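# Structure of the sequence below:
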Amino acid sequence: MNRIEVDPERVLVVIPARYGSTRFPGKALADLGGRPLIVRVMENAARIGGVGKVIAATDDPRILAAVQEAGFAAVMTAHHGTGTARVGEVAAGDSAGIIVNLQGDEPLLEPRTVEDLVAFLRERPDVDVATCAHPFAGPDDWHDPNAVKVLFDGRGSALYFSRAPIPGTFPGRGGDGHRLALRHVGLYAFRRAALERFLALPVSPLEAHEGLEQLRILEDGGRIGVVRIDSAPVGVDTPQDLERVRRIWSAR
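Purely as a prediction, here's the structure:
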């Protein structure tokens, strides 16, 4: 990132959005209640308290136009391999000391969740990044490799993230590991220095093995705080998810 004068209290929310989603191409522009999904996410993000700016980051002119036509801020970025790298490009031109990476497919996320992550960072100067997680409904989800598990210490700092059902079970101790782990939600609030360092590091061995980029932070010695929430909002990964979100949206 470029070196600019940093305001440690300023919060920047960046919403990375690309057109070529693997499981649902074009989902950012899919209709939700008469407006594109990405616009609904922007509307919801505008409700987050204490934020200096909310901006969509995309490499697709169709998404850029949709956001700007709805009256929200958006920028074109270079092509990046990850949403975090896209967030970093936008953050480089802003003075924010705290940068939130908010997914562009979460129109039902409670704004309070982001506020809680930012508050956690402010209360815990020893933490570099804050994220959130919620209890597993049962052992089936705990065994699902698409459900990311996180273990944490007594102060809420992450010990490890995995796609495997962690913690392991000592023989004869039962199978209640799903009650000891939480299911991770991919929402992050970074201190600026932590984001800069993360993007400067190469992919770490555990990150490559698990396919989880947050492990790069832990392997580098960084500390990730975990804020416990009751449940995750319904996100849009597939067309079937979109139909579910549409039903919830209509019921509102």
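
# how about Tyr188, phi and psi?
Backbone torsions for Tyr188, taken as degrees, to the nearest 10, come to phi -130, psi 140.

# Provide a list of residues in contact with the residue nearest to it when sequence neighbours are not counted.
Once flanking residues are discounted, Tyr188 sits nearest to Asn101: 4.6 Å by CB to CB, 6 or more residues apart in numbering. To be clear about C-beta, it is placed using only N, CA and C from the backbone, and glycine gets the same treatment. Residues near Asn101 by CB atoms under 8 Å, 6 or more residues apart in numbering: 14, 16, 83-84, 87, 187-190.

# can you check Glu43 too?
Applying CB under 8 Å, 6+ apart to Glu43 gives the contacts 35, 70, 72.

# can we see that at 6 Å?
If a contact means CB atoms under 6 Å, 6 or more residues apart in numbering, then Glu43 has no contacts.

# helix or strand for it, which one?
helix 37-45 (DSSP states H and E).

# Pull up the pairing partners for the helix or strand following that helix, direction included.
Following helix 37-45 in sequence order, the next helix or strand is strand 53-58 (DSSP H and E). For strand 53-58, the paired strands and their directions (DSSP bridges) are strand 7-17 (parallel), strand 73-76 (parallel).

# so what secondary structure elements neighbour the helix or strand just after the first one?
This means strand 7-17. Proceeding N to C from strand 7-17, the next assigned helix or strand is strand 31-32, under DSSP H and E. Using 3 or more CB pairs under 6 Å, 6 or more residues apart in numbering; DSSP states H and E, no helix or strand is in contact with strand 31-32.

# again, only this time at 7 Å
Packing partners of strand 31-32 (3 or more CB pairs under 7 Å, 6 or more residues apart in numbering; DSSP states H and E): helix 239-251.

# Show me what the helix it packs on is packed up against.
strand 31-32.

# Please repeat the previous calculation with a cut-off of 10 Å.
Counting contacts by 3 or more CB pairs under 10 Å, 6 or more residues apart in numbering; DSSP states H and E, helix 239-251 packs against strand 31-32, helix 37-45.

# tell me how far that helix is from the chain's mean position?
Centroid separation for helix 239-251 versus its chain: 21 Å, with CA atoms, centre = their mean, to the nearest Å.

# buried sites along that helix?
By neighbour count on 16 or more other CB atoms under 10 Å, the buried set for helix 239-251 is 241-242, 245.

# Just send those back as CSV, with distance to Val114 and pLDDT too.
Converted to CSV, these look like this (distance: CB to CB, whole Å; pLDDT from 0 to 100):
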residue, distance to Val114, pLDDT
Asp241, 21, 92
Leu242, 22, 94
Val245, 19, 95
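
# Near the closest residue to Gly88 other than its chain neighbours, how many other residues are there?
Once flanking residues are discounted, Gly88 sits nearest to Leu199: 4.6 Å by CB to CB, 6+ apart. A total of 19 residues lie near Leu199 under the criterion other CB atoms under 10 Å.

# what does Val127 give?
For Val127, using other CB under 10 Å, the count is 22.

# What of Val6?
14.

# Please apply the same query to Ala73.
14.

# which residues does the residue nearest to it when sequence neighbours are not counted bridge with?
Excluding the flanking residues, the one nearest Ala73 by CB to CB, 6+ apart is Ile55, at 4.4 Å. Here Ile55 sits in beta bridges with Val14, Ala73, going by DSSP bridges.

# Measure how buried Glu115 is and give me the count.
By other CB under 10 Å, the residues close to Glu115 number 18.

# Can you name the residues that contact the closest residue to it other than its chain neighbours?
Distance criterion CB to CB, 6+ apart; nearest residue to Glu115, sequence neighbours excluded, is Gly49 at 5.5 Å. Each residue near Gly49 by CB atoms under 10 Å, 6 or more residues apart in numbering is listed here: 11, 111-112, 114-115, 118.
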